[in-house]
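1. Please find the sequence and the predicted model below.
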Amino acid sequence: MLVPALLLASSLCATPPERVELVFGGDVIPHGEVKESAADHARADPGDAAPARSLNHEGWDHVFGPLAQTLRSADIAMVNLETPVSANPKARTGPLLFDAPPAMLHALAAAGVDVVSMANNHAYDQQRAGVARTWAQLAEAGLQGVGSGTSEAAAWEPLIVEKHGMRIGFLSFTRWLNGARNPMEPDTSPHVAFVPYVTGKKPLKSGLAPESAVELVRAASRRCDALIVAIHWGTEYHHTPHPEDRKFARALLEAGALAIVGHHPHVLQPVETYRTSTGRDTLVAFSLGNLVANQDRYFIHGRHLGEDGRKRDSLLLRLSLSRPAPGAPVALEDMSVLPVWIDNNHYAVRSKPNVPRLIQPVLLDEELRAINERLVDLAARTAHPPREVRQERTVLERRLDLARSRRELILRIALPPGPGVSAAESGKRRAGAG
């Protein structure tokens, strides 16, 4: 009886595998009408305080509300912050010049976001001072950022977060700066991690060569158990990755990155797996699309081709990392995509006075579930429904059709059939909450 008893004791003392859940979202862009949407849903405490205290971060809680449960369920959630947050009331803004209010950062944190990527083509929209001011506002909101810093070295410093016994590293850089340049003083001036596309034989005047970035990724991967690299790259409004980026992605994954999460095209691009030469299963999501933005606001379902509205197609990417035993390597255990559609009631606001503007991302699986439940409820009420019930049912059926068609389009782009970057197994690709 001694051997079975020892086996039982061994199983009871076995250490459960370590597991960390990550969720990634795309571009958060404070277009003017997105700010209006937040303002239209702002609620304040009418007490004696002056000015009145906001009860929902100046309405930004409403903007991010549909994603909050999913973001909070992750151990670490990350999005691309496509804007400075200068807290300067005189900041210049325009259609292509961004600045967001500090309340937006507080709402992101309240919704469950932990980390933001700051390396993108709008990082210098409020000039160099805007970079430092954004860092101060991130600290005030309790968010962590990566991809810019007080110097070139600081901009390239990986952020390492410890969760459930794992050290998860994050590195971020951009391949675009909207014509801006990093300062010539790499040790004393604000910098954005920058790897420009090489054109011709001209030497780089700002930023690093791809080969240098690969070596920095190699070094960063040695400092953590799993390294995630966020890259602002590719061609705007193209569903196909930039040819140079495919080669670059392979080099970064071979150098030690476990996953690459891409932004910038403002539309979706494929999520592909890659097995490295050492047998590691890795992943690259070339573009997650917009998460919150006001692009394609003129889209009307049923009146345009299916490709229209694609700047409102988005997704959340969920990655599950695991380590079977202490000291074992951390592996990418599972991946799933959650289709997202950016609601935008542009035409309702134009046609009716006093209609609050509504711009917010919606999880399509949740949307489909809620619509179906409501339709079942309406069908069960009476065999001869009144006019208002018939009208509601018609609206719901149209919305159901939209949600289904956008979901199918998102999955067709994000998870295309056939091999991706390599012939790594496709069994890890899943759609839905998983």
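-> On my side now, so go ahead. Residues are numbered from 1 along each chain as shown.
2. from here on, contacts and neighbour counts on C-alpha atoms
-> OK.
3. Below-threshold pLDDT in this protein: ranges please.
-> For the chain, the stretches with pLDDT under 70 are 1-15, 48-50, 200-205, 304-307, 418-434.
4. longest strand of it?
-> strand 331-344 (DSSP state E).
5. Check the offset of that strand from the chain's centre.
-> Distance of strand 331-344 from its chain centroid, counting by CA atoms, centre = their mean, to the nearest Å, is 9 Å.
6. give me the element the residue nearest to residue 157 when sequence neighbours are not counted is part of.
-> Excluding the flanking residues, the one nearest residue 157 by CA to CA, 6 or more residues apart in numbering is residue 171, at 7.3 Å. For residue 171, the host element (DSSP states H and E) is strand 166-174.
7. next one: residue 357
-> Going by DSSP H and E, residue 357 is not in any helix or strand.
8. what do you get for residue 213?
-> According to DSSP H and E, residue 213 maps onto helix 210-221.
9. quick one, the next helix or strand after that helix and helix 210-221 angle?
-> Once helix 210-221 ends, the next helix or strand along the chain (criterion: DSSP H and E) is strand 226-232. If you take axes from the mean of the first three to the mean of the last three CA atoms, to 10 degrees, strand 226-232 sits at 150 degrees to helix 210-221.
10. elements contacting strand 226-232?
-> Packing partners of strand 226-232 (3 or more CA pairs under 8 Å, 6 or more residues apart in numbering; DSSP states H and E): strand 166-174, strand 259-263.
11. contact partners of that strand?
-> 117, 119-121, 166-176, 220-221, 256-264, 330-331 (CA atoms under 8 Å, 6 or more residues apart in numbering).
12. so what's the spatially closest residue to residue 158 that is not a sequence neighbour up against?
-> Spatial nearest neighbour of residue 158, chain neighbours left out: residue 171 (4.9 Å); criterion: CA to CA, 6+ apart. Residue 171 sits next to 146-147, 156-159, 217, 227-230 when contact means CA under 8 Å, 6+ apart.
13. who does residue 171 bridge with?
-> residue 229 (DSSP bridges).
14. Please report how far it lies from residue 284.
-> Distance, residue 171 to residue 284, using CA to CA, to the nearest Å: 14 Å.
15. And residue 377, by the same measure?
-> 42 Å.
16. out of the two, which sits in the busier spot?
-> The neighbour count for residue 377 versus residue 284, taken as other CA atoms under 10 Å, is higher for residue 284 (25 against 11).
17. Residue 33: neighbouring residues, count only.
-> Going by other CA under 10 Å, the residues that sit close to residue 33 add up to 18.
18. Can I get stretch 114-127 in CSV? Just the C-alpha atoms.
-> The C-alpha atoms that make up stretch 114-127 are tabulated as CSV, following Å, rounded to 0.1, in the frame of the first residue of the first chain:
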residue,chain,number,x,y,z
ASP,A,114,-3.5,48.0,-18.1
VAL,A,115,-0.9,48.8,-20.8
VAL,A,116,-1.0,51.2,-23.8
SER,A,117,1.3,51.3,-26.7
MET,A,118,2.6,54.9,-27.3
ALA,A,119,4.7,54.3,-30.4
ASN,A,120,2.7,55.4,-33.4
ASN,A,121,2.6,58.0,-36.1
HIS,A,122,0.6,60.5,-33.8
ALA,A,123,3.0,60.3,-30.9
TYR,A,124,4.4,63.8,-31.8
ASP,A,125,1.1,65.5,-32.5
GLN,A,126,1.6,67.7,-29.5
GLN,A,127,5.3,68.0,-30.2
